[in-house]
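Novice: Test case, fold it:
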Amino acid sequence: MSEHSLYRNTVDHQLSKVAENDRDFKKQLVVIYSDYMRDIPHDFARLAEQRNLTGIAELHHKHKTTCHVLSLQALSDAFAEARDILKKETAKEVSLNSCTEKVTNICHNTLTQLQEIISS
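Specialist: This next block holds a predicted model:
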């Protein structure tokens, strides 16, 4: 049996390492990260709509640890992609919408994994 098969999903594996298998602490982390996963898409979409480069950079910085702890490189990459798009004077709305969709999907999938942990 592989190490990963002991866990419900990738997020469970990551949080178990951080919590050193302390179930109560892991549940606290699940609540915290669930709140983040609910808030990030809304905040990101608002900032992208406003074309707020500084705001997106600050949101990325705020959630850098979240991306690291939950091993969400794709989320970090989506933040960086949006920043790169906004740095161009001819930022394409379609590209920003694509980033917003990526962020929303990643957060939704992560939230689903977090809910699986709580329901166990």
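Novice: any idea of the pLDDT on Glu3?
Specialist: Looking at Glu3, its pLDDT reads 49.
Novice: Also Val94?
Specialist: Per-residue confidence (pLDDT) for Val94: 83.
Novice: and the helix or strand harbouring it, which residues are buried?
Specialist: Element membership for Val94 (DSSP states H and E) is helix 93-118. Residues 95-96, 99-100, 102-104, 106-107, 109-111, 113-114, 117 are the ones in helix 93-118 that count as buried (16 or more other Cβ atoms under 10 Å). Where C-beta positions appear, they are placed from N, C-alpha and C, glycine not excepted.
Novice: And the helices in the chain, which stretches?
Specialist: 10-19, 23-49, 53-62, 64-69, 73-87, 93-118 (DSSP state H).
Novice: Distance from the first one to the middle of the chain?
Specialist: What that stands for is helix 10-19. Centroid separation for helix 10-19 versus its chain: 15 Å, with Cα atoms, centre = their mean, to the nearest Å.
Novice: what packs against it?
Specialist: If contacts are counted by 3 or more Cβ pairs under 8 Å, 6 or more residues apart in numbering; DSSP states H and E, helix 10-19 sits against helix 23-49, helix 64-69, helix 93-118.
Novice: again with the third one
Specialist: Using 3+ Cβ pairs under 8 Å, 6+ apart as the contact criterion, the secondary-structure elements in contact with helix 53-62 are helix 23-49, helix 73-87.
Novice: got the angle between the first one and helix 10-19?
Specialist: Right, the one you point to is helix 23-49. Per axes from the mean of the first three to the mean of the last three Cα atoms, to 10 degrees, the angle that helix 23-49 makes with helix 10-19 is 120 degrees.
Novice: quick one: low-confidence ranges for the protein?
Specialist: 1-5, 91, 120 (pLDDT under 70).
Novice: How about the contacts made by the nearest residue to Phe44 once chain neighbours are set aside?
Specialist: In space, and not counting its chain neighbours, Phe44 is closest to Val103: 4.7 Å by Cβ to Cβ, 6 or more residues apart in numbering. Val103 is in contact with Ile40, Pro41, Phe44, Ala45, Leu75, Ala78, Phe79, counting by Cβ atoms under 8 Å, 6 or more residues apart in numbering.
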